[in-house]
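Visitor: Fold the following and give me the result.
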Amino acid sequence: MENKYPQKPGLDFILKQAFFYWNKTLIFQLMFSVLYFAIFFTSMFFFAEKFGVLDQQQELLEAYKNGMDAYLAKAAELGQTDNSRYFSYALLGTLVFLYPLNLGFFQIFRKIDLKEKIEIGDLLAGYNGTNFFRYISYGLFWFLIYAMIFNTLILPVIWVCITIFVAPMMFFMNRTIFESISLNLKALKMYFLEIFVCVMVAVIFKYIGFTLFFIGGLFTFPFWNAMIYSLYKTIFSEKE
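Guide: You can find the predicted model right below:
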């Protein structure tokens with residue numbers, strides 16, 4: 001496979017295309033969100049109980065009664081405990097396990113392009129065979145870097161931008177992680193404005209459903225994948 005960069009796409013075309021894919025797959029957006037949050041919250045409450053995090057929350061509430069300084073001091077103290085670290089590792093593991101769920105949308109969107117029948121099983125394409133190990137590995141790599149730079153203002157946005165095409169390139173072009181990042185950087189240099197604006201729109205729309213009408217967030221939460229596919233399809237072409 002090889003990639004090429006066609007004439008610069010218009011933002012309006014990329015955005016309309018992303019919303020087209022999202023609108024065509026609303027039932028799958030809902031299924032994705034229900035499955036994602038069911039696994040995430042089940043895991044969170046299980047490990048919170050297992051590692052005594054719920055008891056720690058009670059300690060934080062008691063400390064808050066004595067003022068913000070006491071609350072922050074207690075939070076810092078509890079954050080250094082083994083149980084807190086184990087709980088953080090467990091949540092990280094859950095996020096990594098859930099990451100391949102996103103890949104299913106790339107297969108679904110490609111089937112829409114090819115006018116092929118979409119099946120429920122397509123949503124789990126990221127877990128099929130060796131895909132599971134490839135995307136679990138990439139998910140772990142991605143989240144570890146993101147966790148290290150999370151407290152900075154701009155680095156998380158940069159990290160998202162320089163890895164936005166990695167998953168689809170691994171999925172469609174069979175590229176390695178670092179080959180994909182290299183191609184992603186080249187695309188970012190040429191289409192920085194388009195990619196940056198689309199990232200911002202995707203992030204806002206991804207969570208706006210929860211702020212305006214909570215249940216709507218179940219439909220908007222996976223929108224990010226439609227935006228990535230729209231950008232990828234417009235900027236890259238696959239050719240034997």
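Visitor: contacts and neighbour counts: CA atoms only from here.
Guide: Fine.
Visitor: Which helix in the chain has the most residues?
Guide: Ordering each helix of the chain by length in residues (DSSP state H) puts helix 26-50 first.
Visitor: so what does it touch, helix or strand wise?
Guide: Here helix 26-50 touches helix 82-98, helix 217-220, going by 3 or more Cα pairs under 8 Å, 6 or more residues apart in numbering; DSSP states H and E.
Visitor: list the buried ones in stretch 184-191?
Guide: By neighbour count on 16 or more other Cα atoms under 10 Å, the buried set for stretch 184-191 is 184-185, 187-188, 191.
Visitor: next one: stretch 122-141
Guide: Buried residues in stretch 122-141, counted by 16+ other Cα under 10 Å: 122-127, 131-132, 134-140.
Visitor: which ones are touching Phe87?
Guide: For Phe87, the contacting residues are 47-48, 51, 53, by Cα atoms under 8 Å, 6 or more residues apart in numbering.
Visitor: so how far is Ala226 from it?
Guide: 32 Å (Cα to Cα, to the nearest Å).
Visitor: got a list of what Leu103 touches?
Guide: Contacts of Leu103 by Cα under 8 Å, 6+ apart are 123-126, 167-168, 171.
Visitor: Between these, which sits nearest Phe32?
Guide: Phe32 has its nearest neighbour among the contacts of Leu103 in Leu123, at 7.6 Å by Cα to Cα.
Visitor: unless I'm mixing things up, the closest one is touching Pro100, no?
Guide: No. Using Cα atoms under 8 Å, Leu123 is not in contact with Pro100, being 9.5 Å away.
Visitor: And the helices in the protein, which stretches?
Guide: Along the chain, the stretches classed as helices by DSSP H are 11-24, 26-50, 53-64, 68-79, 82-98, 103-113, 131-149, 155-163, 166-172, 177-190, 192-212, 217-220, 223-235.
Visitor: could the ones you listed go into TSV alongside mean pLDDT?
Guide: Shown next, in TSV, are the helices of the chain (pLDDT from 0 to 100):
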stretch	mean pLDDT
helix 11-24	95
helix 26-50	94
helix 53-64	71
helix 68-79	69
helix 82-98	92
helix 103-113	97
helix 131-149	95
helix 155-163	94
helix 166-172	96
helix 177-190	94
helix 192-212	88
helix 217-220	89
helix 223-235	95
